[in-house]
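The sequence and its predicted three-dimensional model are supplied below.
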Amino acid sequence: MARYTGPKTRICRIFGEPILGNGKYLTKNSNPPGQHGPTKKRKAPGEYAVQLKEKQKAKYTYGILERQFRKTFEEAVRRKGVTGENLIKLLEARLDNTVYRLGIAPSRPAARQLVTHKHVTVNGEVVNVPSFQLRPGDVISLREATQGNAGITTHIRGKNPKFNWLDWTEAEFKGTFIGYPERESVPENIKEQLIVELYSK
């Protein structure tokens, strides 16, 4: 299954943000990667470069490659409302992202692995597709066999109370996707309007 498996710190240095992990090495070296390091003179990026960088940031953040990201954008265009906000809502409604938001997994790649290894159910049915789109009211939980796996359950940290579009019941290892989040509730630093402008060219 296609996904980025390269060095994470290098990607964080490109964007200057810890979009893949905790970014603990950014304090040691926050310069963009390149042969000449901080001494290299860099031209001011053009409009296209800025828009492309924002799209790449969103793709790396949610762990999606180009083809799937483009399909998600096309679905956002078809829906009523603001296209950029629709895009963020669809990305947040992915099953792997929701497993991460619920605190079941410590990162999105870890959440993706839980889903592909059939540890997660949606409305009582096992779903092993990370890009599965949740709908309001869907119930996400760990399989009964997985609930006894200490290697998985010890990493459960619980939902951040800021994510008010999700509900989590720790005693039952069960969460509910209440509805699509409002843009201001999503903490990711993504300028989705730049992505819309890029795809509109």
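Okay, I see it.

Next secondary structure after the helix or strand harbouring K53?
Per DSSP states H and E: K53 is located in helix 47-62. Once helix 47-62 ends, the next helix or strand along the chain (criterion: DSSP H and E) is helix 66-78.

Low-confidence regions, this protein specifically.
1-2, 21-42 (pLDDT under 70).

Show me the strands in the chain, by range?
120-122, 125-126, 139-142, 166-169, 174-177 (DSSP state E).

Could you dump these into a markdown table and include mean neighbour count?
Any C-beta I mention is one placed from the backbone N, CA and C, and that applies to glycine too. Output for these, formatted as a markdown table (neighbours: other Cβ atoms under 10 Å):
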| stretch | mean neighbour count |
| --- | --- |
| strand 120-122 | 21 |
| strand 125-126 | 8 |
| strand 139-142 | 21 |
| strand 166-169 | 17 |
| strand 174-177 | 21 |
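
I'd like the ones you listed written out as a markdown table, with distance to A110 added.
Below are the strands of the chain laid out as a markdown table (distance: least, Cβ to Cβ, whole Å):
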| stretch | distance to A110 |
| --- | --- |
| strand 120-122 | 12 |
| strand 125-126 | 18 |
| strand 139-142 | 13 |
| strand 166-169 | 17 |
| strand 174-177 | 16 |
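
can you tell me which of these comes nearest to F69?
strand 174-177 (21.0 Å; Cβ to Cβ).

Partner strands of the closest one and their direction?
strand 139-142 (antiparallel), strand 166-169 (antiparallel) (DSSP bridges).

So which of those strands is nearest P45?
Proximity to P45, assessed across the strands paired with strand 174-177 by Cβ to Cβ, is greatest for strand 166-169 (35.8 Å).

Provide a list of residues in contact with the residue nearest in space to the middle of the chain.
Nearest to the geometric centre of the chain sits Y62, at 2.8 Å (Cα atoms, centre = their mean). For Y62, the contacting residues are L91, R94, N97, R108, by Cβ atoms under 8 Å, 6 or more residues apart in numbering.
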